[in-house]
Every structure is written in structure tokens, then in C-alpha cells.
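Engineer: from the sequence below, what's the structure:
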Amino acid sequence: MGGKPAAERPGAVGRSRPVAVWLFAVALVVFAMVVVGGATRLTGSGLSITQWRPVSGAIPPMMASAWNRDFALYRATPQYRLVNRGMSLAEFRFIFWWEWAHRLLGRLAGAAFAVPLAAFLFARAMPRRLIGPCLGLFALGGLQGAVGWWMVKSGLEARVLVAPERLATHLGLALALLAALLWTGLEAEFGPPAPGTGRRDGWTWASAILALAIFVQCLLGALVAGNHGGLVDGDWPLMGGRVFPSDYWRGSLWESLAHGQAASQFDHRMLAYLIFAAAIALAAQAARSGAAPAAIRFLAAALALAASAQAGLGIATLLAGVPLTLAILHQAGAAILLATAVALAWRSRRR
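Structural biologist: Take a look at the predicted model:
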């Protein structure tokens, strides 16, 4: 029989460099989508496209009549009537292009995943153990698109902004997709664990818990963004001159945690301190441990560096009044920090 020997086939060895490269490339597209999504929110562009057209919406307005139609739809929204009344067509085009670019990246991510997935499956070139996870990634990507529209709808009905909890859900799913792509890509690159590896010790649990904490911190950051919480109590390390903000409580736990400007910022700060301290401690422990592999020592040091840079960016963004450039860098830094934590958690399971 022709073809590759059985031991070399992807289904036999459980690893595939082409599949890994594909998954890492899609992860880069998702990362770009997260960054552009942050810019879309910061420029107030997220509600400029008022319809969900997954296929035809990929083509932007080309004629004056099409621009006037889309502008008329936007003028019917509460955001236009209460915030942007009198906006010119040129100003509308500026926010339109940000949202269109964000949705285009989502479409590109979907195509960049679906087409190669079909090709790998048709050619039977994907390790069997990765088929289920990759189909799960495809479903997660589709859910992310639907949740994006669910989020936008919350700002088209009776609000001038999207609901903070829906924004957190949308960002959380995007970051979960990014983390899952990286994890599955590492599985494809290195294959199943060798015999004798895969211990579950304190180090493994510590790195996993830290990665989870960073994910939760990203959700808290989305609540800060959705509530414009970075625009209040712009001092540091105090908040409005106090250790604990006086306006934390808003009458109920849900209103305070999900919709409170001061509460969302305070919660985000407190978890940031814990993550920063844990990342430094983990890196120090890895450096002192003679038994820790070089890859773990490197990833732990990279995580501590990323956590330090992200903390510095967060403080600078707050003190500067949330300027666009710093805020975008802070959101990009969050995705990089999470990706580094996921890589460390994955490698820690292979000790």
C-alpha cells in the first residue's frame, strides 16, 4: 500500500504541525478581533451598524444611497437621539468603519477556521483526538458571533450603550476562544503526553488557578469598560481619596457588581493586585526550583513580566483619563497575559 507509514500518519501519532500552525494563525486573528473590538467600544462605534447580516453585511455601503440608508437606521437609535444628535454623515462613517472592521475580522476568523477544518477532515489529516476539540472550537466561534449581536441589541432598544454584562459575556467568549485555540494548538504541536508525565501537583494547580483568575480579571475589566468605570475615581492608589469608595453600594449586589462604576473599578483593582503578587511569586518559585524545566521557568518569568506591564498600563490608563491608545494597549495586554498564563498552565501539565 502507498502513502505514509502508519506510525507517521497524524491519526496514529496524535500530532500535526500543519494543524498546529492553522490553530495558532486563527488565534492571531481572534487576538486582532479582540483589539479592534476594544477600539470599537472606545470610539463609541459599536452601535453604528444596526442590523445583523452575517453574509451580505460583509460588503460595506458603496453608494451614497446605501450610506444614507444606514445613517437613517442609526439616527433611529437611542444613542443617536440622546448622545450623538446632529452627527454628520462623515462622523457616522468614522464610527461605521470601526464596527465594520470588527465584524469583518469575525467573519475572517470564521472562514479561516471553517475552510481548513473541512479540508483537514476531508483529507483525514487531523489527529483523531483533536477532531472533537476542533468541532467544539467551531461551535464556540459561532456562539461568539450570536452573542455579539445579542450584545449590540441591548444598546439599540432602550439604552445608549450596550449592557455591561453582555459586553463581559462577549469579551469572555472571545478570550475563551483564544485560550482554547492556543491550548488545542499546543496539543497538535506536541502530541499526547508521554508516559510518566501529566502529574497533578501543587505547581499544576497554581498555574491553572492563576490562568482562571486572569480570565475573571478580564471579565471584570469588561464591566469597568461597559460602565465607563475608568472615568471615575481617577486617582491611585486611593479611589476618590479613599481606600474603599464611598459609592460602591448601589442598593443590591447585582447593581453594584454589574452596573456600579466605582464597584467595578474597585473589584478590578483588587484582583489585579492579587494576580500581580501571584505571578511574581510563581516566577520566583520557578527560578528557585532546580527541578522546574527550562520552559516552565521561561514561561513563569514571561508571565510575571506581562503581569507587571499590564499593571503599569492599567495605572497609566486610569491616571491619564483613559486615552484611546493606552486603553487599546491595556486590552491587548490582557489578551497577551491570558495567552501566556494558558501556555504556562498547559506546559505545567506536561511535567
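Engineer: buried stuff in stretch 297-316?
Structural biologist: Under the neighbour-count criterion of 16 or more other Cβ atoms under 10 Å, stretch 297-316 has 297-304, 306-307, 310-311, 313-314 buried. No exception for glycine: its C-beta is placed from N, CA and C like everyone else's.
Engineer: give me the contact list for stretch 289-299.
Structural biologist: With Cβ atoms under 8 Å, 6 or more residues apart in numbering as the test, stretch 289-299 has contacts from 203, 286-287, 300, 340, 343-344, 347-348, 351.
Engineer: now stretch 233-249
Structural biologist: Residues from elsewhere that reach stretch 233-249 (Cβ under 8 Å, 6+ apart): 232, 256, 260-263, 265-266, 269, 315, 318-319, 321.
Engineer: nearest to A64, of these?
Structural biologist: Distances from A64 to these, taken as Cβ to Cβ, are shortest for G321 (37.3 Å).
Engineer: let's verify the closest residue to the closest one other than its chain neighbours: helix, strand, or coil?
Structural biologist: In space, and not counting its chain neighbours, G321 is closest to G234: 6.4 Å by Cβ to Cβ, 6 or more residues apart in numbering. Using DSSP: H, G, I helix; E, B strand; the rest coil, the secondary structure recorded for G234 is coil.
Engineer: how close does G234 sit to G37?
Structural biologist: To G37, G234 is 24 Å away according to Cβ to Cβ, to the nearest Å.
Engineer: likewise for P195?
Structural biologist: Distance, P195 to G37, using Cβ to Cβ: 43 Å.
Engineer: so what's the residue count around A211?
Structural biologist: Per other Cβ atoms under 10 Å, the neighbour tally for A211 reads 23.
Engineer: and the longest helix along the chain, how far from the chain's centre?
Structural biologist: The residue-count maximum for a helix in the chain (DSSP state H) belongs to helix 89-122. Taking Cα atoms, centre = their mean, to the nearest Å, one finds the center of helix 89-122 at 16 Å from the center of the full chain.
Engineer: shouldn't R159 be within a helix?
Structural biologist: No. Secondary structure of R159 (three-state DSSP): coil, not part of a helix.
Engineer: what's the neighbour count on the closest residue to it other than its chain neighbours?
Structural biologist: Spatial nearest neighbour of R159, excluding adjacent residues (Cβ to Cβ, 6+ apart): P78 at 6.3 Å. Using other Cβ under 10 Å, P78 has 15 neighbouring residues.
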